[in-house]
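[1] Provide a 3D model corresponding to the input given below.
(one chain, ligands or ions: 1)
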Amino acid sequence: MRVSSIPEKGNTINNPVIPGFHPDPSVCRAGGDYYLVCSSFEYFPGVPIFHSRDLVHWAQIGNALDRPSQLRLPLDTPSSGGIYAPTLRHHDGRFWLIVTNVSGDGNLLFTATDPAGPWSDPVRLPGVHGIDPDLAWDDDGNCWCTTAGVGQIRIDPHTGETFGPPRRLWSGSPGAKAPEAPHLYRIGDYWYLLIAEGGTERCHSVSIARSRTPTGPFEPCPANPILTHRGTDHPIQNTGHADLVQAPDDSWWMVLLGVRPGGGTPGWHVLGRETFLVPVDWVDGWPVVGELSSSMPAPSWPLHPPVVVPDRDDFELSELAPHWISLRHRTPEVCTTKERPGRLTLQARGGSLDDTDVTFVGRRQQHLSCRARTLIDAADGRGGLAVRLDEQHHYEIEASPGEVRVRARIGPSNTVVASRSTPPGPVVLRIEVAAVHAVNDARTGPDTVTIGIEEPDGTFVELASLDGRYLSTEVAGGFTGRVIGMFAVAGSVHFDWFDYRPADR
Ligand code: 6LW
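    Prediction:
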C-alpha cells in the first residue's frame, strides 16, 4: 500500500510536503522519479522511503530497514537514539543509502535496485566516525564519505573499507555551532559542500562552501547562511538539514527540515521536524534560496498526486502498511494480522508505555488537528490508544474488562486523570487533537488533546481534555514527533480497525 501525505491541489501547494515527524530529508532523482528518506530513531521498521514524480506529492513506498538483520535496536535504546540522518543516492544503476545507528552498529551502508525494497543487509563502516554520513563519487570512481564535523574519508562502498585518515574539510561559519548534515555535490565546475549549522533548534541554518575538487580546499559562500529563520517570527522555524535536487524542468530545489510551533510565543511544536520544499536559484556560482512558506505557487511541471490511502485500516492485509511503526522491534509473535484477517492482535510485553520494551503500533500524527479512533477488544488483556512523544511524555486511554482509564504521563508526573466503567464487549476509543489559534497569549498551548470513548450511536463521551504542550519537543526534548497508536500492556488485545483523519475532512 502507498501512503500519501498530500499537499493541497490547485494553484498553490502546501508545505510541508511531507508533514509529521519526517526529519533530515535526503532526496535523489532517478530519471523521472524521486525518492526521499528520513531519520527514524527508536522506531521499527526504520528509514521511511517516499516516492514522487513531481517533488510535491510524496507517497510512502516502504521502510528501507524493515528486517532485524538491517536494524538492530537494543530494547533499552533511548528515545531519539537509533537511526540518525540518512543520505540516499542513485549511482551506477543502484540506490545507495547510508545511515548511522547511534545505538550500536554505527555507520551502515545499504543498496537496492528497487527503492521500495528489498534493501541489502548492511555493509558496516567501522572506519567512518561521526553522524550524518554522505556519499559522493568523483569522476575517477572514488567514493567519498563526509560526516558531521565536517570530516571526510574515502571508502569502498562495497566492503566498508576506509582509506587513509579522515580529513577535516570545513568547520562551518565562525561562531556557529554543530556543523553537520554535509552533502557533497558536483554541480558544473565546482564541488559544493552543503551543511547545516547552529544546532537543530531555533538557530538552525543552511550554509555552503565550494571547491574545484571533492577534497577541498573549500571556500565558504559569502552569503552564508543561505537559509535560516533564526531570530524571526516566521511560522516555520528550526530550518536546516537540507539536500539539493533538480526538478523535472531541471530547476533547482532544496528539501529541508523545519518545525511549526503553535500556541503562544515562542511556541511549541508537536509534530516533530517535518520535510519542506523550497526553490533555489544560482547566482555567480552560488545557490540563492527562495522564500520558504507554508503555501507556495504550484510549480509549472505536471503534478502527479498519488492514490489517496483510506483513513481507515481494517487490517485485512497480512502485512501492515508502511506507515505503521513500532518501538525498537516488531515480531510476529507480539503483533499480527494473521491470527484472524481483519483484526490486529497485540500481545503485551512491557507493563506500560513508560517502558522501552512495550508492544505499540502507531502512525505519525501528520496534521495539527486530527482525530484517531479504534475499536478495541480487551476481554483478554489491557491495552488502548495513545498519543506519544517518548516514554516520559504520553497521553492514553487504556481499556481493560469493564473499564477505561485515561492516563497522562508528563515527565515525573504519572496520573490517571479519568476513568469510567464500560459494558462488556469491544469499545471505540477516541483521541481528538485540536490546534489552538490564539497566539497572542504567551500562556496558550499549541493544542488540546481530548480523549474518550464512543457510545454505540457514535456520540463522543469526553473523559479528559489535556494541554498538548506537554507532548511537544520544547517540553520533552529529543528529535522525534508525536505518534498515535495502539498498544497492549497485559495479555492479548485485539483491534478491529483504526481510523485517522485530519480534522478538516
Ligand atoms: C541529525 C543532525 C540533526 O543527525 O539532528 O537536524 C540529528 N539535524 O544532522 C538527528 O536528527
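
[2] from here on, just use CA atoms for contacts and neighbour counts.
    Noted.

[3] all helices of the stretch 251-400 of the chain, in order?
    Remark: no helices are assigned in the stretch 251-400 of the chain by DSSP state H, counting those that start in this stretch.

[4] taking it, what residue is nearest to the ligand?
    In the stretch 251-400 of the chain, the residue that lies nearest the ligand is L257 (7.2 Å; Cα to the nearest ligand atom).

[5] in contact with that residue, which residues?
    By Cα atoms under 8 Å, 6 or more residues apart in numbering, the residues touching L257 are 22-25, 238-242, 273-276.

[6] flag every residue of the chain that's near the ligand.
    Contact residues, the chain versus the ligand (Cα under 6 Å from any ligand atom): D24, Y84, A85, I131, D132, E180, A181, T200, H241, F479.

[7] tabulate the residues you listed (a markdown table), appending neighbour count and secondary structure.
    What follows is these, written out as a markdown table (neighbours: other Cα atoms under 10 Å; DSSP: H, G, I helix; E, B strand; the rest coil):
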| residue | neighbour count | secondary structure |
| --- | --- | --- |
| D24 | 29 | coil |
| Y84 | 28 | strand |
| A85 | 25 | strand |
| I131 | 24 | coil |
| D132 | 25 | coil |
| E180 | 29 | strand |
| A181 | 29 | strand |
| T200 | 21 | coil |
| H241 | 31 | strand |
| F479 | 21 | coil |
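
[8] can you tell me how far I187 is from the ligand?
    When Cα to the nearest ligand atom, to the nearest Å is the yardstick, I187 and the ligand sit 23 Å from each other.

[9] swap that for A136, please
    A136 is 17 Å from the ligand, where distance means Cα to the nearest ligand atom.

[10] isn't V433 right up against D447?
    Yes - V433 lies in contact with D447 (Cα atoms under 8 Å); the separation is 6.7 Å.

[11] can you list the domain ranges for the protein.
    3-297, 312-502 (automatic domain parsing).

[12] export these to CSV and tack on distance to P306 and mean pLDDT?
    Formatted as CSV, these follow (distance: least, Cα to Cα, whole Å; pLDDT from 0 to 100):
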stretch, distance to P306, mean pLDDT
domain 3-297, 6, 96
domain 312-502, 15, 95
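
[13] could you dump the ones you listed into JSON lines with distance to P305 added?
    Shown next, in JSON lines, are the domains of the chain (distance: least, Cα to Cα, whole Å):
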{"stretch": "domain 3-297", "distance to P305": "6"}
{"stretch": "domain 312-502", "distance to P305": "18"}
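
[14] picking up where we left off before, bridged to the residue of the stretch 251-400 of the chain closest to the ligand, which residues?
    In this entry, L257 is beta-bridged to G240, T275, by DSSP bridges.

[15] if we can go back for a sec, in TSV: the residues of the chain next to the ligand, plus distance to R72.
    Output for those, formatted as TSV (distance: Cα to Cα, whole Å):
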residue	distance to R72
D24	20
Y84	13
A85	16
I131	17
D132	18
E180	24
A181	23
T200	25
H241	25
F479	19
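
[16] mind naming the longest strand for this protein?
    Secondary structure of the chain per DSSP state E: the longest strand is strand 483-502.

[17] list the buried residues in that strand.
    By 16 or more other Cα atoms under 10 Å, the buried positions in strand 483-502 come out as 483-490, 492-498, 500-502.

[18] can you give me the strands in the stretch 251-400 of the chain?
    Using DSSP state E, counting those that start in this stretch, the strands assigned to the stretch 251-400 of the chain run over residues 252-259, 274-283, 286-289, 295-297, 312-313, 326-327, 335-336, 344-347, 359-364, 370-377, 381-390, 393-400.

[19] the helix or strand just after the last one packs against which elements?
    Moving toward the C-terminus from strand 393-400, the first helix or strand encountered (DSSP states H and E) is strand 403-410. With contacts defined as 3 or more Cα pairs under 8 Å, 6 or more residues apart in numbering; DSSP states H and E, strand 403-410 has these neighbours: strand 393-400, strand 413-421.

[20] swap the cut-off to 10 Å and go again
    Applying 3 or more Cα pairs under 10 Å, 6 or more residues apart in numbering; DSSP states H and E, one finds that strand 403-410 contacts strand 381-390, strand 393-400, strand 413-421, strand 427-435, strand 447-454, strand 460-467.

[21] output the longest one as PDB, restricted to C-alpha atoms.
    It stands for strand 381-390. Listed next in PDB are the C-alpha coordinates belonging to strand 381-390 (Å, rounded to 0.1, in the frame of the first residue of the first chain):
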ATOM      1  CA  GLY A 381      -5.900  -8.200  28.500                       C
ATOM      2  CA  ARG A 382      -5.300  -4.500  28.800                       C
ATOM      3  CA  GLY A 383      -4.400  -2.000  26.000                       C
ATOM      4  CA  GLY A 384      -5.600   1.100  24.300                       C
ATOM      5  CA  LEU A 385      -5.000   4.100  22.200                       C
ATOM      6  CA  ALA A 386      -2.200   6.600  22.900                       C
ATOM      7  CA  VAL A 387      -0.500   9.700  21.600                       C
ATOM      8  CA  ARG A 388       3.100   9.600  22.500                       C
ATOM      9  CA  LEU A 389       6.300  11.600  22.100                       C
ATOM     10  CA  ASP A 390       8.500   9.400  24.200                       C
END
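
[22] on that earlier part again, list residues touching both of V433 and D447?
    L368, S369, L466, D467, G468 (Cα atoms under 10 Å, 6 or more residues apart in numbering).

[23] how about the strands in the stretch 101-250 of the chain?
    Using DSSP E, counting those that start in this stretch, the strands found in the stretch 101-250 of the chain span residues 106-112, 123-124, 134-137, 143-147, 151-155, 162-168, 180-187, 190-197, 205-211, 219-220, 227-228, 237-246.

[24] who touches the closest residue to the ligand within the stretch 201-350 of the chain in this structure?
    In the stretch 201-350 of the chain, the residue that lies nearest the ligand is H241 (5.3 Å; Cα to the nearest ligand atom). By Cα under 10 Å, 6+ apart, H241 lies in contact with 23-26, 85, 132, 180-183, 194-197, 199-200, 204-207, 254-258, 275.
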